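[1] below is the sequence, then the predicted model.
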Amino acid sequence: MFRCFNLLLLLFCLVYHSETSTISVSGKKGGNIRLRCEHEDNNIVQIDLFKQPDNISRLISVCETEECSGRVFKEGNCDVVIKNLIFSDAGNYTLDIYYNNDQTELKPNNDRIVPIEQKKWTYRLHIDDEISVKTGEELKMSVLVSDADKVKTNSSGEWKEVWTRDHGVQSDRMNDDNDGNLIIKSFLDSDAGTYRVLDTEGEILITVSITESGRKSPKKMDDTEQHKNWIVPVVVCLVILAVIVISVFIWRRQHRGHTQVQQTRHRN
């Protein structure tokens, strides 16, 4: 009896662990990520991928190969690749695979039954992006995805909330719209920093690093400006050299004339 209880407890722990273990995956906006399933056998009969916004599972179509028109496709035995990432891809996913366990049973009429078993993986997808903005420009960030609960930034030197789902934007310099955009009306260098989008559990969905690009870099000067930078010193040097040469010439001429006058007086 006690041994049976231990076996049941161990089975419960294994099932609980498999259902609650979440794999963190990070990708760049516009790039690709892979959700790995680590099932080596080729006995898979079905793959189901679900996204879970607001705790409501949504089935995502998974193509058999990369050549299909969709952004989600199977690679290898059961790995799933999402390409051309967008911010709305961030969030939680569940991957279910159904496979034959290779243990056949017989019906009373000798027909074979191949039991189908299931494995499940859960993932949390986090997306990064980098944006460079000129001072005074409007900046739209499509970060208000369905899972977003709040947005924080460290642009002021410490983390503070600039948007929450319950109260909207927290700054008179920002707007939000129905298309999921968080908008900075007129970008200032003080707006530069890191912006994090968090879900209701405080997990990071999206990270956007914003830099100010209004200052002109010396390396980006055009040819005309570069020519001006070396022509001016050369002209100045030539003028100074010409003045020195003329001064020496005049001094020598005056000195020669003075010497001739003294020689003439001495002869007389």
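    Okay, I see it. The structure presented is a predicted model; accordingly, all values stated were derived computationally and were not measured.
[2] contact partners for residue 89?
    Taking CB atoms under 8 Å, 6 or more residues apart in numbering, we find residue 89 in contact with 82, 125, 127. For every residue, glycine as well, the C-beta is placed using N, CA and C.
[3] how about 10 Å then?
    Applying CB atoms under 10 Å, 6 or more residues apart in numbering to residue 89 gives the contacts 27, 29, 33, 51, 60, 71-72, 82, 125, 127, 145, 205-206.
[4] hang on, residue 249 in a helix?
    Yes - under DSSP: H, G, I helix; E, B strand; the rest coil, residue 249 falls within a helix.
[5] and it, how close does it get to residue 237?
    19 Å (CB to CB, to the nearest Å).
[6] can you pull out the strands in the stretch 51-200 of the chain?
    58-60, 72-75, 79-82, 91-100, 105-106, 112-113, 116-133, 139-141, 150-153, 160-164, 168-169, 174-176, 182-184, 193-198 (DSSP state E, counting those that start in this stretch).
[7] and residue 255, which of those strands is closest to it?
    strand 116-133 (66.1 Å; CB to CB).
[8] residue 97 and residue 42 touch, don't they?
    No - counting by CB atoms under 10 Å, residue 97 does not reach residue 42; the two are 11.7 Å apart.
[9] tell me which of those two has more neighbours.
    Higher neighbour count among residue 97 and residue 42: residue 97, with 21 against 9, using other CB atoms under 10 Å.
[10] quick one, what contacts that one?
    When contacts are counted by CB under 10 Å, 6+ apart, residue 97 touches 37, 39, 43-49, 77-78, 80, 117-121.
[11] for it, name its beta-bridge partners.
    Applying DSSP bridges to residue 97 gives these bridge partners: residue 47, residue 119.
[12] got the domain boundaries for this protein?
    21-127, 134-212 (automatic domain parsing).
[13] read off the pLDDT value for residue 191.
    pLDDT recorded at residue 191 is 95.
[14] correction: residue 225
    52.
[15] likewise residue 6?
    43.
[16] now the strands of the stretch 51-200 of the chain as CSV including distance to residue 233?
    As requested, the strands of the stretch 51-200 of the chain are exported to CSV (distance: least, CB to CB, whole Å):
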stretch, distance to residue 233
strand 58-60, 65
strand 72-75, 61
strand 79-82, 57
strand 91-100, 60
strand 105-106, 93
strand 112-113, 91
strand 116-133, 34
strand 139-141, 41
strand 150-153, 45
strand 160-164, 49
strand 168-169, 52
strand 174-176, 48
strand 182-184, 43
strand 193-198, 40
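[17] any idea which of those gets closest to residue 66?
    strand 72-75 (5.0 Å).
[18] mean confidence score for the closest one?
    94.
[19] if you count contacts, what does that strand end up packed against?
    Packing partners of strand 72-75 (3 or more CB pairs under 10 Å, 6 or more residues apart in numbering; DSSP states H and E): strand 33-35, strand 44-51, strand 79-82.
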